[in-house]
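Participant: Sequence unavailable; structure follows:
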């Protein structure tokens, strides 16, 4: 492919040399906007992974209560004598 076949400016190795964050550059066909599709796909994937990982921590207490377990079943006081309680 020649250098003019991409929507973004590319060098001799077909690597993008500028970062245009306009959504209109996402691509009209597979040759155009491949760099922006990859950029936004990785950005959205990271965001979903981040939210999915850190959104579960506040919900853990509600999940434990809904399945009727208490902290003593998860962390027996005899094995963890210095552990502070999180559900009272």
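Facilitator: Noted; the coordinates are in hand. These numbers come from a predicted model, not from an experiment.

Participant: Helix or strand: which one has residue 59?
Facilitator: helix 56-66 (DSSP states H and E).

Participant: Mind listing what's buried along that helix?
Facilitator: Neighbour-count burial for helix 56-66, counted by 16 or more other CB atoms under 10 Å, picks out residue 64. No exception for glycine: its C-beta is placed from N, CA and C like everyone else's.

Participant: ok now it, how far from the chain's centre?
Facilitator: Taking CA atoms, centre = their mean, to the nearest Å, one finds helix 56-66 lying 21 Å from the centre of the chain it belongs to.

Participant: can you check stretch 63-81 too?
Facilitator: With CA atoms, centre = their mean as the basis, stretch 63-81 stands 30 Å off its chain's centre.

Participant: Could you tell me the end-to-end distance of that stretch?
Facilitator: 24 Å (CA to CA, to the nearest Å).

Participant: what's the burial count for residue 34?
Facilitator: Residues lying near residue 34 (other CB atoms under 10 Å) number 18.

Participant: let me redo that: residue 14
Facilitator: Using other CB under 10 Å, residue 14 has 13 other residues around it.

Participant: and the gap between residue 73 and residue 62?
Facilitator: Per CB to CB, to the nearest Å, residue 73 is found 16 Å from residue 62.

Participant: Next: residue 55.
Facilitator: Residue 55 is 12 Å from residue 62, by CB to CB.

Participant: How about residue 52?
Facilitator: For residue 52, the distance to residue 62 (CB to CB) stands at 17 Å.

Participant: Next up, identify which helix or strand the most far-flung residue of the chain relative to its centre is on.
Facilitator: Largest separation from the mean C-alpha position in the chain: residue 78, at 38.5 Å (CA atoms, centre = their mean). For residue 78, there is no enclosing helix or strand under DSSP H and E.

Participant: Which residue ranges of this structure form helices?
Facilitator: For the chain, the helices defined by DSSP state H occupy 34-54, 56-66, 71-74.

Participant: Run through the neighbouring helices and strands of the first one.
Facilitator: What it means is helix 34-54. The helices and strands touching helix 34-54, judged by 3 or more CB pairs under 8 Å, 6 or more residues apart in numbering; DSSP states H and E, number zero.
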